[in-house]
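A.B. asks: Please find the sequence and the predicted model below.
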Amino acid sequence: MGGLPAGPRGTGVGRALNVRVARRPARSGMAPRLQLEKAAWRWTETVPPEEVTQEHIEAAYRIGLEPCQRGVCRRNCRGNPNCLVGIGEHVWLGEIDENSFHNIDDPNSERRKKNAFVGLTNLGATCYVNTFLQMWFLNLELRQALYLCPSTCSEYVTGQGIPKDRDYEPQTICEHLQYLFALLQNSNRRYIDPSGFVKALGLDTGQQQDAQEFSKLFMSLLEDTLSKQKNPDVRNIVQKQFCGEYAYVTVCNQCGRESKLISKFYELELNIQGHKQLTDCITEFLKEEKLEGDNRYFCETCQSKQNATRKIRLLSLPCTLNLQLMRFVFDRQTGHKKKLNTYIGFSELLDMEPFMEQKDGVYIYELSAVLIHRGVSAYSGHYIAHVKDPQTGEWYKFNDEDIEKMEGKKLQLGIEEDLEPSKSQTRKPKCGKGTHCSRNAYMLVYRLQTREKSLTAEIPSLFLFTFFPGCPYEFVSLEWLQKWLDESAPPKPIDNTGCLCSHGKLHPDKISIMKRISEYVADYFYRRYGGGPRLNALCKDCVVERCRILRLKNQLNEDYKTVTNLLKITVKGNDGFWVGKSSLRSWRQLALEQLNEQDDDADQNNGKMNGDAQNKGSYESNEEKREEEEELNFNEDLVCPHGDLCISENERRVVSKEAWKKLKQYFPKAPEFPNSKECCSQCKILEREGEENEALHKMMASEQKTALQNLFQDKCRPCLGSWPQETDELYIVSQFFVEEWRKFVRRPTRCSPVSSVGNSALLCPHGGLMFTFASMTKEDSKLIALIWPSEWEAIQKLFVVDHVIKIIRMQTAETSPESTLFDSEPKLCPECREGLLCQQQRDLREYTQATIYVHKVVDNKKVMKEAAPELNVSSSEAEEEREEAKPEGEQDPDFNQTNGGAKRQKISHQNYIVYQKQGIRRSTRHRKVRGEKALLVSANQTLKELKIQIMHAFSVAPFDQNLSIDGKILNDDTATLGALGVIPESVILLKADEPIADYAAMDDVMQGREHFIITL
């Protein structure tokens, strides 16, 4: 039971690497990070960039800082790369944090006692997993085979006098089990957390699974994982320990032909119904079955169906025999599983020879584990394991974190008190010596009796990595080291790309988030976890550049005064340089921002290494910042789009050579334009062309406005509802075309001219019209514009028309308006029109986050949907605000409409047509009505959910609400709003019986009602 001293979480499996730097006398109080930053670059005040040496570079990277000592430094010094205190090493140094046991009087009670087993934490409903883990852990052959299994990185680190390290890093399922076994063997805590193993399997910690099914699936998964190993002792361990063979034997009664179907098994599933002893269950499992009547067997020899017998013959048995007692069976009457709580007797020694086909072997088995389910239901309860220590022969009770030795009167295998009293308590039968009876045991595990000495499973030794002065060193991020020490998840490959400078080396600004380790340790890390690039070189170029920048910062104020005085001097001749006026006004701020640019870039990348990506919000904000900086680059305000000098002299001025030389020190990449430089020739040409185009556009707008005066001013427009007597035909264009054309006529210099009339958007793919005459007089009237014949002639001259659409009045013998017939060219396409209407109806039934209105009827006053906007309109905004006061987080759609209800619908192309159904909205804008509130709903939510929304809005309990829409009563709480005919912009009438004033009371009533429904 002993083992190597390791941390309380069992990190003595390979992570306990003592990474240390050269020891110097430690100081009691390390300076803050900003002070360390300032001290690292203080030498730049006296050293120019061209005189930087290796000593200055090491000072910038803080190589000479003293490492901190444990007990003196309370937390990790982020500014000191040599401080390796407080990064999570207390776990693998075997310490227990006393503060983490604030609910425990004596933290030492959490320590593992000598020669005691280690428990497993129950993560919610994972007790069934814990019982199997403890049982498998005490199978020494399985444990040793797992220890021999190498990691996926099949390279081992060796050292002088140190044996090979076996990698127990959990990456695959096999390695998770391997690592967990190592923790159970060597942890200093009395229990450990198996969450890494459970998470790797994808198990739901809040739901109890079928324990027997879990055992089968995991063994299959483990066998498949180990089958890829080269070592046969590892590859075949599952088959050697748990796999046996039996044959389904069928014998024809007519000819005596015998057929065999050989199959492997990992456990025998035994029926316990109607039996009292384990041997009876095995006998029934092997008993002969008759195949008669409809169930007759087709004999290959007889070539016909014959009566036959079928039975199972055991051919070979494994070293570990798992016997599943089928306590959980399907109840045909209830349609659910139920638990059989009958007693089954079993002995500590089991002779399997009478059940074998071949009688020439040794088949004496010893009981090694009993898995128990406490509880009367098949869907709940608690799992416990009674397991025998193979080294001492003593029995232990494993109950999650608690482990108890079973001896004396406590040695009653398979006996555990029920969590709930059963309706029919069966009296326990008497058991003789060496036999036991259990009504809760669901799995019995027997081990083949052997005289060989018990195996001892050993974990490979640990490594101690040391770092001495003068040894080569490298850097790795503090974040990665902390994740390496944290056992909750396996470390990712080392990713150093986020801390590289432009020269491919460690950026000096990243030193605050890096730690210095020996090259020996770095070799181990990269061999085991991979990644890169390796940071084993300091960047002289970055240090020299930073030295230049810091020195410029110090002299910036003095240079600003010098440049200000030089700008007062008048430049004569062509000796000066052009500089943008905007750049001159803000050049000191621009210089300061440019000097701080490296610091800003470093801050953006801090903490974004080792596979962690930037979040979208910070990325976008950084992009916006970069765009602003690009707009503010010095002297780019006088650069034209062609990269030459802009033509506007009002935006630039001439400065002297001396002033330009000073500015170039801060902006070496700034565009340079001598005083003699000519303006951009392309810009001059474009300026002339622009003036000509503006004049042409003004002329076009004036001509079109004159030709279509009434259309522009929206005067004397024809109407389909009252057809004009002076014409028998009207033309149609899209309203979108009219609006875009009006924009151009109003602002010809700012808007692009409209050259064509795109009527194809009003037609279906077959070229047919998508509107009926009736719809164009109502809901579709906003999508079209009617054109007089005289206007149409002008339009054809001024624009390119793709399709002509017109409405024709047909003359009839009767003169009454009701008898007038109308036709269209092109004709209406009935199929596409019908499809459009169907799609609209589907959309109305499949909406999400749409607005409806609930109107509360007071004193039995009926408020109809069509009349609601005209009744009780509030005239005072203050009164409306008081009436519509809402809790924080809610918004009133009447004051914050995003539906665009008052906006015109536009048509840009065929797929962009938006049609409005008649009756969806009561007006172009919903008007505020007293006693009415807007709610956001979806078509798939139920009426009950809507009533709860109404309860919060009107303080009326759901069972006091009487709802109706268009005279139809809404009373089916389980029906969806779409099924009830509630569409966007609908008005639902609410009549309250007796509203409850106590808001909290309503919530209590609702919760009580839901509980009542659930219990029913």
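C.D. replies: Thanks, I have it. Numbering: from 1, shown residues only.
A.B. asks: what packs against the host helix or strand of W484?
C.D. replies: Using DSSP states H and E, W484 sits in helix 478-485. Here helix 478-485 touches helix 89-92, strand 514-518, going by 3 or more CB pairs under 8 Å, 6 or more residues apart in numbering; DSSP states H and E. Where C-beta positions appear, they are placed from N, C-alpha and C, glycine not excepted.
A.B. asks: Comparing those by mean pLDDT, which bottoms out?
C.D. replies: Lowest mean pLDDT of the helices and strands packed on helix 478-485: helix 89-92, a mean of 59.
A.B. asks: for the stretch 451-600 of the chain, what spans make up the strands?
C.D. replies: With strands called from DSSP state E, counting those that start in this stretch, the stretch 451-600 of the chain shows them at 473-477, 494-495, 514-518, 531-532, 577-580.
A.B. asks: possible to save these as a markdown table with distance to D360 and mean neighbour count?
C.D. replies: Formatted as a markdown table, the strands of the stretch 451-600 of the chain follow (distance: least, CB to CB, whole Å; neighbours: other CB atoms under 10 Å):
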| stretch | distance to D360 | mean neighbour count |
| --- | --- | --- |
| strand 473-477 | 62 | 23 |
| strand 494-495 | 59 | 22 |
| strand 514-518 | 62 | 24 |
| strand 531-532 | 58 | 14 |
| strand 577-580 | 103 | 24 |
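A.B. asks: and those as a markdown table, adding distance to E593?
C.D. replies: Converted to a markdown table, those look like this (distance: least, CB to CB, whole Å):
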| stretch | distance to E593 |
| --- | --- |
| strand 473-477 | 28 |
| strand 494-495 | 30 |
| strand 514-518 | 26 |
| strand 531-532 | 33 |
| strand 577-580 | 16 |
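A.B. asks: Out of these, the one nearest A934 is which?
C.D. replies: strand 494-495 (50.6 Å; CB to CB).
A.B. asks: Does anything pack onto that closest one? Which helices or strands?
C.D. replies: Using 3+ CB pairs under 8 Å, 6+ apart: strand 494-495 touches helix 519-529, strand 531-532.
A.B. asks: quick one, strands of the stretch 701-850 of the chain?
C.D. replies: Under DSSP E, counting those that start in this stretch, the stretch 701-850 of the chain gives strands at 729-734, 756-757, 784-787, 800-801, 806-810, 821-825, 850-856.
A.B. asks: Ok, which of those strands comes nearest R717?
C.D. replies: Closest approach to R717 among these (CB to CB): strand 784-787, 6.4 Å.
A.B. asks: For that closest one, C-alpha coordinates in CSV please.
C.D. replies: Provided in CSV are the C-alpha atoms of strand 784-787 (Å, rounded to 0.1, in the frame of the first residue of the first chain):
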residue,chain,number,x,y,z
ILE,A,784,-45.8,50.2,-56.8
ALA,A,785,-46.2,53.6,-58.3
LEU,A,786,-48.9,54.3,-60.9
ILE,A,787,-47.9,56.3,-64.0
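A.B. asks: ok, it: who's next to it in the sheet?
C.D. replies: In the sheet, strand 784-787 lines up against strand 729-734 (antiparallel) (DSSP bridges).
A.B. asks: avg pLDDT for the helix holding W484?
C.D. replies: pLDDT averaged over helix 478-485 gives 84.
A.B. asks: how far off helix 519-529 does that helix point, in degrees?
C.D. replies: 60 degrees (axes from the mean of the first three to the mean of the last three CA atoms, to 10 degrees).
A.B. asks: Name the residues of helix 478-485 that are buried.
C.D. replies: If you call a residue buried by 16 or more other CB atoms under 10 Å, then helix 478-485 has these buried ones: L478, E479, W480, L481, Q482, K483, W484, L485.
A.B. asks: hmm, back to that, for the helices and strands packed on strand 494-495, give me TSV that also has distance to L323 and mean pLDDT.
C.D. replies: Formatted as TSV, the helices and strands packed on strand 494-495 follow (distance: least, CB to CB, whole Å; pLDDT from 0 to 100):
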stretch	distance to L323	mean pLDDT
helix 519-529	42	83
strand 531-532	48	87
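A.B. asks: Distance to H336 for those - can I get that in TSV?
C.D. replies: Formatted as TSV, these follow (distance: least, CB to CB, whole Å):
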stretch	distance to H336
helix 519-529	49
strand 531-532	52
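A.B. asks: Check the ones you listed for me and report the most buried one.
C.D. replies: helix 519-529 (a mean of 18; mean count of other CB atoms under 10 Å).
A.B. asks: which helices and strands does that helix pack with?
C.D. replies: By 3+ CB pairs under 8 Å, 6+ apart, helix 519-529 packs against strand 473-477, strand 494-495.
A.B. asks: The shortest one - which strands sit beside it in the sheet, and in what orientation?
C.D. replies: Sheet partners assigned to strand 494-495 using DSSP bridges are listed as strand 531-532 (parallel).
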